[in-house]
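[1] coords please:
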Amino acid sequence: MTTAKNTVATIIPSLHYRDAPAMIEWLCRAFGFEKHAVYEDGKGGIAHAQLRFGNGMIMLSSVSDTQWGRLMAQPADIGGRESQLACVIVANPAAHYAQAIAAGAEIIDALAARDYGGSSYGCRDPEGHIWNFGDYDPWVADAG
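    Below is the predicted model:
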């Protein structure tokens, strides 16, 4: 088995958005992501973007009719469902929850203490992708 060496994050979720430029701004404002790289596609969309959060990252692009794009479905196209979600570790879930609500995130699982440790909440972004934010850190829990 081989693993990536000398890298901070080895798994980077990638999402597609209908209005990727607006979603980049929203994700930064609502969830605290920071732009690492943004490449426009020359047609008003995003060919590729990288947004950082702590030592993690997501990548995103505009919905497109490409080999990869045809394999993806947007939540609005499939009844608001998702096949996966991003779990993001935050230092202060209560403050993050308030920030997300202020930015208009749809809360689907209210902030609460969890049986497995820590507290978390779940929400949807404006295009329906599901996110979970909390302070449970499995790397720390496994080390204990």
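[2] Of all residues in the protein, which one is nearest the centre?
    A86 (5.3 Å; C-alpha atoms, centre = their mean).
[3] From F33, how far out is the closest residue to it other than its chain neighbours?
    In this structure, A86 finds its nearest non-sequential neighbour in P13, 4.9 Å apart by C-beta to C-beta, 6 or more residues apart in numbering. C-beta: built from backbone N, CA, C; applies to glycine. Distance, P13 to F33, using C-beta to C-beta, to the nearest Å: 12 Å.
[4] Neighbour count for these two, which is higher?
    Neighbour tally, P13 and F33, criterion other C-beta atoms under 10 Å: the higher count belongs to F33, 23 against 17.
[5] quick one: pLDDT of that one?
    Looking at F33, its pLDDT reads 98.
[6] re the thing from before, quick check: bridge partners of the residue nearest to the centre of the chain?
    Beta-bridge partners for A86, by DSSP bridges, are W131.
[7] Same question for G56.
    Applying DSSP bridges, one finds that G56 bridges with F53.
[8] how many neighbours does it have?
    16.
[9] May I ask you to confirm that it is in contact with V88?
    Yes. With contact defined as C-beta atoms under 8 Å, G56 reaches V88; the gap is 7.1 Å.
[10] ok, back up a step: contacting residues for the residue nearest to the centre of the chain?
    Contacts here follow C-beta atoms under 8 Å, 6 or more residues apart in numbering; on that basis A86 touches P13, I58, W131, N132.
[11] nearest to W139, of those?
    Proximity of these to W139 (C-beta to C-beta) peaks at N132, which lies at 16.2 Å.
[12] residues contacting the closest one?
    Contacts for N132 (C-beta under 8 Å, 6+ apart) come out as L85, A86, C87, V88, D109, S120, Y121, G122.
[13] hmm, 6 Å instead?
    L85, C87, S120, G122 (C-beta atoms under 6 Å, 6 or more residues apart in numbering).
[14] What pLDDT is listed against it?
    pLDDT, N132: 97.
[15] cool, V8 as well?
    pLDDT, V8: 65.
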